[in-house]
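S.K.: After the sequence you'll find the predicted model.
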Protein chains: 2
Amino acid sequence: MDVLKAIEERRSIREYTGKVPSEETIRSIIEAGRLAPSAGNRQPCRFVVVWDRDKILKIAKASMKFLNKAGVVIVATANPKLDPKWYPVDTGIAVEHMVLAAQSLGLGTCWVGAFDEEEIKKILEIPKEVTVVAILGIGYPKQVPSSTSRKKLSELFFKDRWNNPYS
Amino acid sequence: MDVLKAIEERRSIREYTGKVPSEETIRSIIEAGRLAPSAGNRQPCRFVVVWDRDKILKIAKASMKFLNKAGVVIVATANPKLDPKWYPVDTGIAVEHMVLAAQSLGLGTCWVGAFDEEEIKKILEIPKEVTVVAILGIGYPKQVPSSTSRKKLSELFFKDRWNNPYS
């Protein structure tokens, strides 16, 4: 699927059919995450790809309930010591690569930022010094919601100087 | 261009031909940034799209010299008050949307994280309370470098629990 089309059609998908994606599909998605650029190529992120149903249910309990129907859940972590300044930006880049790859393969995703970090770490045996940055639910969309409103281009983008609306 | 192909072929491009992109091309790229998801749809980022050659040269001086040949420079900012926790992740997502959109349109980009923030703010009249998160150079690639090495999938991705290499 074309990049611009994937970006336009992407929605945060919170309702999944329950169909489990193929190994191959998930592999293409995580490869897209692997290829993400990072500041100084320091690659501070590590990802736990959760297929285990029991663990997915536990993660949903420690986070957002809708994840219990996800086909796969990816828990994005980083060791802040590897890059104290840039690890959140780098996580944003890598996870969004996976979001757009999933979209291009017919899957829906949803970024989740609300979770009980200690509980997630316990479920997945994540060490103390590692930060759980975000969780990504992946699954086949049950329905595709209409687009969420965005501020206008002229509100978000300026031309050549601050507060000069891009038009 | 296909999403997976764009992700595979993307490189950080630091040498540009000097050809200036069309208004329309840049508009497609920034529209891709506008459509990026953000935590709680709070949209904490604002972007200054710099076409002015004189300002591009000043930005290059306050940052990385190679930006002086960029066709357009986008300065990504955020107001941390709008979302103190998520604004760096949200910036990562939005800028990478623009990176992949640019790639799909034949342009090269490079994330720049090294800059004199006070100087950049002065050049673009960015207010005190706003943080400059990153700068993106955009231009037609003079040459496409070979890929930067990445850790193996099994080092970056685990299956179902920490330190269980994805294979």
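M.R.: Here it is on my side, so go on.
S.K.: The closest residue in space to residue A:45 that isn't next to it in sequence pairs with what?
M.R.: Excluding the flanking residues, the one nearest residue A:45 by CB to CB, 6 or more residues apart in numbering or on different chains is residue A:78, at 4.8 Å. Glycine gets a C-beta too; all of them are placed from N, C-alpha and C. Note on residue A:78: beta-bridge partners by DSSP bridges are residue A:45, residue A:131.
S.K.: Give me the neighbour count for residue A:78.
M.R.: By other CB atoms under 10 Å in any protein chain shown, 25 other residues sit near residue A:78.
S.K.: just residue A:19 next, same as before
M.R.: Counted by other CB under 10 Å, the residues lying close to residue A:19 total 12.
S.K.: Ignoring the adjacent residues along the chain, who's closest to it?
M.R.: residue A:140 (4.7 Å).
S.K.: List the contacts of the residue in chain A that chain B sits nearest to.
M.R.: Of all residues in chain A, residue A:92 sits closest to chain B, at 2.4 Å by CB to the nearest CB. Applying CB atoms under 8 Å, 6 or more residues apart in numbering or on different chains to residue A:92 gives the contacts B:88, B:89, B:90, B:91, B:92, B:93, B:96.
S.K.: mind giving me JSON lines with the residues you listed and columns for secondary structure?
M.R.: Below are those laid out as JSON lines (DSSP: H, G, I helix; E, B strand; the rest coil):
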{"residue": "B:88", "secondary structure": "helix"}
{"residue": "B:89", "secondary structure": "helix"}
{"residue": "B:90", "secondary structure": "helix"}
{"residue": "B:91", "secondary structure": "helix"}
{"residue": "B:92", "secondary structure": "helix"}
{"residue": "B:93", "secondary structure": "helix"}
{"residue": "B:96", "secondary structure": "helix"}
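S.K.: so which of those residues would you say is closest to residue A:39?
M.R.: Of all the contacts of residue A:92, residue A:39 sits closest to residue B:92, with 10.0 Å by CB to CB.
S.K.: Need the pLDDT of the closest one.
M.R.: Listed pLDDT for residue B:92 reads 98.
S.K.: just checking, residue A:47 is part of a helix?
M.R.: No - secondary structure of residue A:47 (three-state DSSP): strand, not part of a helix.
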